[in-house]
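In: After the sequence you'll find the predicted model.
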Amino acid sequence: MIHSPYIVPPLPPAWPFEPGVPLHPLGCRLNLDLPGLGGGWRVCTPGGIVPSGDPVALSGVFGRGGIFRVGDLVLRPYRRGGLLRHLNEKTYRSHLRFAAEHAVHRGLWEAGFPTVEPLGYAWRPSGLGVEGVLITRMAEGEAWPRRWDLSIPRAEAIGRAIGSLCDWGLWSPDLNATNVMLPPDGGALFLDWDRARFEPPSESRSADLRTRYRARLERSLRKLGAPPEAFGII
C-alpha cells in the first residue's frame, strides 16, 4: 500500500473527540489584494472568500512576527526559522508546503481535534519561488507560556490531545508550548501544523511518537524557563 504523509487516514478506534461537519471545498481566486500584504495573491479558501477590512496586529503572540487579524480571520505569513531565516526568510520552493499544512489542519478540524478553524491559504510569486499566508478563524485565548498554572482538567486536556495525535500517527515537528493556546472557557487549542505529516503504520508508531513529542516539548519548556509542574503535564 502506498503511504502519503498528507492524506488523512481513518481515525483510530479510541478517538476521544466527536468528528465535526466537513468543511466546504476550497475555491481559488487569482491576483487579489490581501489587507496589509499588497496584491498579486492567489487566495484558496472555502467558496473563494477573501479577507477584507483593516488589519490589526495581534499582540502577545509568539512566533516570528507579522501575524494580524482581519475581522474574525487571522492571517499568518509563512516565515522560516533557524539559521536559514538569515538567508531566506519568506521564500519557498512552491505553494505545496502551504497546501500540505492546510490538508492536515483540515483533517484535524473535521475529526473534532481541538484546533482553530482552518480557512485556507494564499500565495504569490516571490523571487525564485513563492511566499505564502495561512488563513484561520480567530479564536480567543492566550498561549500556554503566558500562564503556566493550569488546572487539572486543562492539563489533562493537553495530555489527551497529544496522546490522540500519537494514536493517529500524526507527527508535528513544530508542536511546542507556544503553539498551545488556552481558551477562556477551558481546554486547549493546538496551532501550527506546518510540516506535520502522518507516519506510516507500524506496531511501535504510537509509542515512538509519544517519545518524540515528549522530547520536543521538554526542549521547548526548558527554553522557555517553564516551572517544574509544566513538565509533569507531558
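Out: Thanks, I have the structure now. Note that the coordinates shown come from a computational prediction; the quantities given were computed from them, not determined experimentally.

In: which of the residues in the helix or strand of the chain with the lowest mean pLDDT are buried?
Out: Lowest mean confidence among the helices and strands of the chain (mean pLDDT, DSSP states H and E): helix 228-233, at a mean of 87. Buried residues in helix 228-233, defined by neighbour count with 16 or more other C-beta atoms under 10 Å: Ala230, Ile233. In short, each C-beta sits where N, CA and C put it, glycine included.

In: Need the residues that contact that helix.
Out: Trp144, Trp148, Asp149, Leu150, Ala155, Ile158, Gly159, Ala177, Glu218, Leu221 (C-beta atoms under 8 Å, 6 or more residues apart in numbering).

In: tell me the contacts of the residue most central in space within the chain?
Out: The centroid of the chain falls nearest to Asp192 when counting by C-alpha atoms, centre = their mean (2.0 Å). Residues in contact with Asp192 (C-beta under 8 Å, 6+ apart) are Ser172, Asp174, Leu175, Asn179.

In: Include secondary structure when you put those residues into JSON lines, please.
Out: What follows is those, written out as JSON lines (DSSP: H, G, I helix; E, B strand; the rest coil):
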{"residue": "Ser172", "secondary structure": "coil"}
{"residue": "Asp174", "secondary structure": "coil"}
{"residue": "Leu175", "secondary structure": "coil"}
{"residue": "Asn179", "secondary structure": "helix"}
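
In: Adding neighbour count, write the residues you listed out as JSON lines.
Out: Shown next, in JSON lines, are the contacts of Asp192 (neighbours: other C-beta atoms under 10 Å):
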{"residue": "Ser172", "neighbour count": "24"}
{"residue": "Asp174", "neighbour count": "16"}
{"residue": "Leu175", "neighbour count": "23"}
{"residue": "Asn179", "neighbour count": "20"}
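
In: Kindly state the beta-bridge partners for Arg197.
Out: Beta-bridge pairing of Arg197 under DSSP bridges involves Trp171.

In: Surely it and Val8 touch.
Out: No: the pair Arg197 and Val8 fails to qualify as a contact (C-beta atoms under 8 Å) at a distance of 11.0 Å.

In: Tell me how far the longest helix seen in the chain lies from the chain's centre.
Out: If you go by DSSP state H, the chain has its longest helix at helix 205-224. With C-alpha atoms, centre = their mean, to the nearest Å as the basis, helix 205-224 stands 17 Å off its chain's centre.

In: quick one: the strands in the protein?
Out: 26-34, 38-46, 56-57, 68-70, 73-77, 118-126, 129-137, 142-143, 170-171, 180-182, 189-190, 197-198 (DSSP state E).

In: Adding mean pLDDT as columns, could you present the ones you listed in JSON lines?
Out: Converted to JSON lines, the strands of the chain look like this (pLDDT from 0 to 100):
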{"stretch": "strand 26-34", "mean pLDDT": "95"}
{"stretch": "strand 38-46", "mean pLDDT": "96"}
{"stretch": "strand 56-57", "mean pLDDT": "92"}
{"stretch": "strand 68-70", "mean pLDDT": "94"}
{"stretch": "strand 73-77", "mean pLDDT": "96"}
{"stretch": "strand 118-126", "mean pLDDT": "96"}
{"stretch": "strand 129-137", "mean pLDDT": "96"}
{"stretch": "strand 142-143", "mean pLDDT": "92"}
{"stretch": "strand 170-171", "mean pLDDT": "98"}
{"stretch": "strand 180-182", "mean pLDDT": "96"}
{"stretch": "strand 189-190", "mean pLDDT": "98"}
{"stretch": "strand 197-198", "mean pLDDT": "97"}
